[in-house]
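Trainee: just the structure for this:
(chains A and B, ligands or ions: 1)
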Amino acid sequence: MPKKVVHEFKVEFLQILDEAGRVDRALWPGLDEKEIKGFYESMVLIRTFDEKALNLQREGRLGTYASVQGQEAAQVGSAAALRPSDWIFPAFREPGVSILRGLPMRMIYQYWSGDERGSAIPEDQHDFPIAIPVGTHIPHAVGAAWAAQFKGDPVAVAAFFGDGATSKGDFHEGLNFAGVFRLPIVFICQNNHWAISVPLSRQTAAATLAQKAIAYGFEGIQVDGNDVFAVYTAAKNALEKARRGEGPTLIECYTYRLSDHTTADDASRYRKVEEVATWRKKDPIVRLRAFLEREYRWSEADEQVLRRQMQERVAAAVHEFEAVPPQDPQTMFDLLYATPTPDLIRQKEILRKRLQQKKEKE
Amino acid sequence: MSKLNVVQAINQALRHEMERNPDLILMGEDIGKDGGVFRVTEGLIDQFGERRVVDTPLSESGIVGVAIGMAAYGLTPVVEIQFMGFLYAAMEQLISHAARLRTRTRGRYTCPIVVRTPYGGGIHAPEHHSESTEAFFVHTPGLKVVVPSTPAEAKGLMLSAIRDPDPVIFLEPAKIYRAIKEEVPEGDNAIPLGEARLLTEGKDLTLITWGAMLHPTLKAADRMAEKGVEAEVIDLRTLSPLDSATIIRSVEKTGRAVIIHEAPKTCGLGAEIAARLCEEALLSLEAPVARVTGFDTPIPLPKNEKYYLPDVDQIVEAAEQAVGF
Ligand SMILES: Cc1ncc(C[n+]2csc(CCOP(=O)(O)OP(=O)(O)O)c2C)c(N)n1
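Mentor: Numbering: from 1, shown residues only, chains lettered A, B, ... in the order given. The predicted model follows:
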C-alpha cells in the first residue's frame, strides 16, 4: 500500500500597505478618504492615550499599566470592522479596541489606577471586561458566540489575545469548540512576539500561529498587523463570514510590542535594542502617515492640528478621571451576589463602623 | 552570614540545592533571562544554563503537569507560577494528580515537586495578583503547604521543601519580598517542615499567624506588651501539615487565642485552627477564639485594598477583647 498525502494545508499572509506607505491596488478594501483619515486619527488617539498613561504611571497617578504602542493598527483595523451589535472579549492590552467601542478613556485610566469602577461596562456596549489571567476569556467568547448562534442573532464575537495565550489550554479548548459547532467567532491574536520575556520561539515550534486554526477545522490567516488595511480587510471578511453562519476564523496579526511589557517590566533585560529599532521602522502610524502624505497631501500642519486635537481629548479624559471622587470602600460587598449574603451584610457593617471610628479619631 | 531579603534568600536556597543536586531543574514563565518577575531566580540561568533553568511556554497546567512526569521519572522540578491567581489553571494537575500519585500507585511513583508562587495583598497589584487562597491547598490531602515569614525562614524552609519527597506548595508573601532584611546563614539552615515556631513567650494570650501577617502581629504584640499584656506569637510556617501540638500547648497555657490571616474569613485556615482548639483545648479556653481576617470578598483593587487587609489596630482590638472577656 503506497503512502499517500491525505490533506495539504496552506497559510496565507495578507499585506496591503507596505512599509513605505504604498498600497497594493488589487487588494484594496474600498475605503474612502474619510474612513482612512478616521483610521489615522484613531491610531494617533490611541498612541496619545497610551503615552499619557505611561506619564501618569511615572507620576504615581496610575498603577501598573500595559502599554499598547506598536499595536495600534491591529486594534483600529479590527475595531473598525466590528459592528456595535457584535461582542468583544479583550485581554488586557486592547485599550485601543475598547476606546473605539466607546468605552470612555477616563474609565480605562480609572481601572489601571486601581479603582473598580473603571471596569463597569456601559449598558449599551457588548464588551466583556479585561481578562488579566492570560487566555481564560477565550472560552467565554466561544460561549457567547454559541449563544448568538442558538438565538439566531446576526452577531459575531471577537476574542483578542496575545501570542502567549496560544500556549494555554483555554485557547485550544476554545478553538476546538468553535470549530466543532461552527460558531460565529473571530479569534484575533496579536502576535507581538513577546510574552513578557519569553519570545515567540518559546511559545510554539510552529511556523505561524494562524495555522493552529487548521488543526481545529477552520481557516487561519496571518496578516501584517502593522498594516491597518490588511487587518481591517481580514477582520471584516471573517466577521461577515461569522455573521453569515459560516463559522470561525483565526487571524494572526503579525506585530510588535514597542514598549516594555508593563510599567513593572524592563524589556532591556531580555530584548535586543536592534530588534526594537527594526520594528520602530515598521511603526503602523508612521506607515499610514506616509500613505496619507502620498495620496492626500497630508502635511506637517495637518499632523500638528490632529496631534493637538488628540492631546486635548486625552487631557479632557485625564481631567475627568482625576475629578472622580474616591470610591466608597463599602461597595466591595455590594456586587458579589445579586442579594448580599448575611455574612457580607455583617462584614459591611463591621467596615462601616471601622471607617466611622477612624473619622471620629481624625 | 549576610543580610538578605526574602528574594535573595530564596535565590540562595535554590542555588544551594542546584549545586548539590544535578537533577534539580527550575521551570516557569520568565524565570530565565528575566530572573522571574520578582527576580527570585536572578542569575541562575547564567550559572546553571538553559537546560536547568527553563523559560517555559505560558501554560500553568502544562508546567505543573510536566513537572509531575519529570518528578516521577527522577528529576527534582521546582516550578514558579508567576502569581497565585494563575495557579488555579493547574488545580486539576495538583489536586487530581500531584497530590495523589503516591497513593494511587501504592508508593511506586512519587511526586517530589515544589511549586513556588508569590501570594497575598499589599503590593498594589492588578486583579488576580493578590490572592490568599492557601486554604484550597491545605484542604487537598497529599499536598504540603509552606509559607515563610522572613528571609532566614524562607531559605531554611525552601531547602526542606526541595528535599521533601512529596509535592510542596511554597507560598511566598509578595508584600515582604523586599521589605525586610536579616542575617541569613550561608550554608545549610534547613528548617524542618511541619514545625511552627514560637516567637515570643507570654502567659495571657496566643496570637497565631503566618506569612506577611506575622509582621503586624508582632507589632500588635509589642503594643499589648506596653499595656502589660504578654502575648505568645506563633508563626505557623507550615500550613499543611499543621503543627497542632504547638498551638494547643500554647493555648492551654494562655487560655486565649486570636488567629490572624489575610485570606477571606469563611473557611480560611483560621476556621480549622479554631475548630481544633474547640476539640482539643476547650476546657483551657477563657474566651472565644477570635479571628482577624480579610473579608469574604475578592481582594479589592489597590485603591481600596487597605480596607480589606487586617492591620495592627484590628489585631490589638481583637486581642484586647479576648483578654477582657
Ligand atoms: C494565566 C496567566 N499566567 C501568567 C500571567 C502573567 N502574565 C501577564 S501577561 C503575560 C504574558 C502575556 O503574553 P501574551 O499572551 O503574548 O500577551 P501580551 O502581554 O504580549 O499582549 C504573563 C506571563 C497571567 N496574567 N496569566
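
Trainee: quick check: chain neighbours aside, which residue is closest to residue 176?
Mentor: If you meant another chain, say so; for now it's chain A. In this structure, A:Asn176 finds its nearest non-sequential neighbour in A:Tyr216, 5.2 Å apart by CB to CB, 6 or more residues apart in numbering or on different chains. The way it works is simple: take the backbone N, C-alpha and C, and place the C-beta from them, glycine included.

Trainee: wait, chain B was what I had in mind.
Mentor: In space, and not counting its chain neighbours, B:Ile176 is closest to B:Ala212: 5.0 Å by CB to CB, 6+ apart.

Trainee: same question for B:Val229.
Mentor: B:Asp204 (5.0 Å).

Trainee: check the one you found and give its pLDDT.
Mentor: B:Asp204 is assigned a pLDDT of 98 by the prediction.

Trainee: just the one 4 residues further on next, same as before
Mentor: At B:Ile208, the predicted lDDT confidence score is 98.

Trainee: likewise for A:Pro248?
Mentor: 98.

Trainee: hmm, back to that, list the contacts for the residue nearest to B:Val229?
Mentor: For B:Asp204, the contacting residues are B:224, B:229-231, B:254, B:256, B:323, by CB atoms under 8 Å, 6 or more residues apart in numbering or on different chains.

Trainee: tabulate those (JSON lines), appending distance to the ligand and secondary structure.
Mentor: Compiled in JSON lines, these are given as follows (distance: CB to the nearest ligand atom, whole Å; DSSP: H, G, I helix; E, B strand; the rest coil):
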{"residue": "B:Met224", "distance to the ligand": "40", "secondary structure": "helix"}
{"residue": "B:Val229", "distance to the ligand": "44", "secondary structure": "coil"}
{"residue": "B:Glu230", "distance to the ligand": "45", "secondary structure": "coil"}
{"residue": "B:Ala231", "distance to the ligand": "39", "secondary structure": "strand"}
{"residue": "B:Thr254", "distance to the ligand": "43", "secondary structure": "helix"}
{"residue": "B:Arg256", "distance to the ligand": "42", "secondary structure": "coil"}
{"residue": "B:Val323", "distance to the ligand": "44", "secondary structure": "helix"}
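
Trainee: weed out the non-buried ones from those residues.
Mentor: Neighbour-count burial (16 or more other CB atoms under 10 Å in any protein chain shown) applied to those gives B:224, B:229, B:231, B:254, B:256, B:323.

Trainee: which one of these sits closest to B:Met1?
Mentor: Ranked by distance to B:Met1 (CB to CB), the buried ones among the contacts of B:Asp204 are led by B:Ala231 at 29.0 Å.

Trainee: give me the sheet partners of the helix or strand bottoming out on mean pLDDT in chain B and which way each runs.
Mentor: Using mean pLDDT, DSSP states H and E, strand B:2-4 stands out as the lowest-scoring helix or strand of chain B, at a mean of 94. If you go by DSSP bridges, strand B:2-4 pairs up with strand B:182-184 (antiparallel).

Trainee: contacting residues around the residue nearest to the spatial centre of chain A?
Mentor: Residue closest to the mean C-alpha point of chain A, counted by CA atoms, centre = their mean, is A:Glu94 at 2.6 Å. A:Glu94 sits next to A:68, A:75, A:130, A:160 when contact means CB under 8 Å, 6+ apart.

Trainee: highest neighbour count among these?
Mentor: Neighbour counts for the contacts of A:Glu94, by other CB atoms under 10 Å in any protein chain shown, peak at A:Gln75, which reaches 31 neighbours.

Trainee: surely it and A:Gly96 touch.
Mentor: Yes - when contacts are counted by CB atoms under 8 Å, A:Gln75 is listed as touching A:Gly96 (3.2 Å).

Trainee: mutual contacts of those two, please.
Mentor: A:46, A:68.

Trainee: state the pLDDT value of the closest residue to the ligand within the stretch 51-200 of chain B.
Mentor: Nearest to the ligand, among the residues of the stretch 51-200 of chain B, is B:Phe86, at 3.8 Å (CB to the nearest ligand atom). B:Phe86 is assigned a predicted lDDT (pLDDT) of 98.

Trainee: gap between the least confident helix or strand of chain B and the chain center?
Mentor: How far strand B:2-4 lies from its chain's middle: 21 Å, per CA atoms, centre = their mean, to the nearest Å.

Trainee: what's the average pLDDT for the helix or strand just after that strand?
Mentor: Per DSSP states H and E, the first helix or strand lying C-terminal to strand B:2-4 is helix B:6-20. Along helix B:6-20, the predicted local confidence has a mean pLDDT of 98.

Trainee: what is helix B:6-20 packed up against?
Mentor: Counting contacts by 3 or more CB pairs under 8 Å, 6 or more residues apart in numbering or on different chains; DSSP states H and E, helix B:6-20 is packed against strand B:24-28, helix B:44-48, strand B:76-80, helix B:151-163, strand B:168-173, strand B:182-184.

Trainee: so can I have JSON lines of those showing mean neighbour count and mean pLDDT?
Mentor: Below are the helices and strands packed on helix B:6-20 laid out as JSON lines (neighbours: other CB atoms under 10 Å in any protein chain shown; pLDDT from 0 to 100):
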{"stretch": "strand B:24-28", "mean neighbour count": "23", "mean pLDDT": "98"}
{"stretch": "helix B:44-48", "mean neighbour count": "16", "mean pLDDT": "98"}
{"stretch": "strand B:76-80", "mean neighbour count": "25", "mean pLDDT": "98"}
{"stretch": "helix B:151-163", "mean neighbour count": "24", "mean pLDDT": "98"}
{"stretch": "strand B:168-173", "mean neighbour count": "27", "mean pLDDT": "98"}
{"stretch": "strand B:182-184", "mean neighbour count": "16", "mean pLDDT": "96"}
